[in-house]
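Participant: Based on what follows, work out the 3D shape:
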Amino acid sequence: MRFGIVGCGVIGALHGRLIASMEGTAELAAVADTDRERATRLAAEHGVDAHGDPAELYGRDDIEAVVVCLPSGLHADAAVPALRAGKHVVIEKPIDITLEAADRIIAAERESGRTVTVISQRRFEPSFRQVGAAVAAGELGRLTSGTAEVTLWRPQSYYDSGGWRGTWALDGGGALMNQGVHVVDLMLALLGPAQEVSAYAGLLAHEGIEVEDTAAAVVRFAGGALGRLFATTAAHGGNSVRVSVHGDAGHAVVENEVITAFRVGEDDRAEPEPPARLGAAAHRLQLEDFVAAVREGRAPEVTSADGRAALALVLAVYESARTGVSVKPG
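Facilitator: Down below sits the predicted model:
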């Protein structure tokens, strides 16, 4: 599959390297960025064409799929015309920052008959594969609770490094929308649809940004389970991502993509030497799944509907924190 990349920043460069490594499966054909100099630099790294206007990339017959690596609030504006031009689309997380934008993407996907996936590469880590399979098989029994935590530190320089960071218009939120959306997706994948959320959020350790650097919420799921969701970029020295799921027949805890506890009944399934996290290789696995999904005419493992569900929960957290009342995700 021949790919084009729209957005040639750090994430666009990562996708470029990953696609270039997928010999026999994928090929990078061109990149586009309104910052022509940045597009030229990335194109030179891979010996491909550079475009200063994404529309030029969408109009190329030799490109089958487009990867959208723009600021979050621009995702739909790039994905929709790509779909209408007949391209399959990979969107970096989150799907966008409003449900209206997400619905535009989903409508364009349906009307075009093309395929969309939203990057959520942690689903492809061996740890979550194993835990997810146990949950799907009912081995943990009735699910009762779960947690999803992202405890990180981002210095002020991180938010100062790009004009879009920390803005409602383009970032769409802070610690939860940007860093925490990964564990939001995992929580939903394990515990099912969210029914109601009650939350708090605050800007506690940074200046000059519009969004939160800390958010905490309690979530009630459609199946009855209760969950605790937490995301912060204000924990100095923090570098932890933790997800747990508990049922009346077992439980599992995954920390930084490594299973630290996993019990089904009396059976301890936690490995003494668990496999190392895949990191960027998990990102590649999702791209490979996307290519296979297109070729096989099936849905990718992470769909546009999954991306919308994660966004809806994040937005419900923000609304609850703002209004002080519980909110049902849209």
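Participant: quick one: the helices in the stretch 151-300 of the chain?
Facilitator: Secondary structure of the stretch 151-300 of the chain, counting by DSSP state H, counting those that start in this stretch: helices at 156-160, 181-191, 280-296.
Participant: Of all those, which one comes closest to Val90?
Facilitator: Set against Val90 and scored by C-beta to C-beta, the helices of the stretch 151-300 of the chain come closest in helix 280-296, at 5.9 Å. All C-beta spots, glycine's among them, are computed from the backbone N, C-alpha and C.
Participant: Using CSV, list the CA coordinates for the closest one.
Facilitator: The C-alpha atoms that make up helix 280-296 are tabulated as CSV, following Å, rounded to 0.1, in the frame of the first residue of the first chain:
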residue,chain,number,x,y,z
ALA,A,280,7.1,2.0,18.3
ALA,A,281,6.8,-1.6,17.2
ALA,A,282,3.2,-1.6,18.5
HIS,A,283,2.6,1.5,16.4
ARG,A,284,3.8,-0.5,13.4
LEU,A,285,1.6,-3.4,14.3
GLN,A,286,-1.4,-1.1,14.1
LEU,A,287,-0.4,0.1,10.7
GLU,A,288,0.0,-3.5,9.5
ASP,A,289,-3.5,-4.3,10.8
PHE,A,290,-4.8,-1.3,8.9
VAL,A,291,-3.2,-2.5,5.6
ALA,A,292,-4.5,-6.0,6.2
ALA,A,293,-8.0,-4.7,7.0
VAL,A,294,-8.1,-2.8,3.7
ARG,A,295,-6.9,-5.7,1.7
GLU,A,296,-9.3,-8.2,3.4
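Participant: Next, the angle from the longest strand along the chain to helix 181-191.
Facilitator: Selection of the longest strand in the chain by residue count, based on DSSP state E, yields strand 234-247. Strand 234-247 and helix 181-191 are oriented at 10 degrees to each other (axes from the mean of the first three to the mean of the last three C-alpha atoms, to 10 degrees).
Participant: What pairs with strand 234-247, parallel or antiparallel?
Facilitator: strand 143-153 (antiparallel), strand 250-255 (antiparallel) (DSSP bridges).
Participant: Now the longest one: buried residues?
Facilitator: What it means is strand 143-153. Buried residues in strand 143-153, counted by 16 or more other C-beta atoms under 10 Å: 143-152.
Participant: Among those, which pair sits farthest apart?
Facilitator: So, these by C-beta to C-beta: farthest apart are Thr144 and Leu152, at 27.6 Å.
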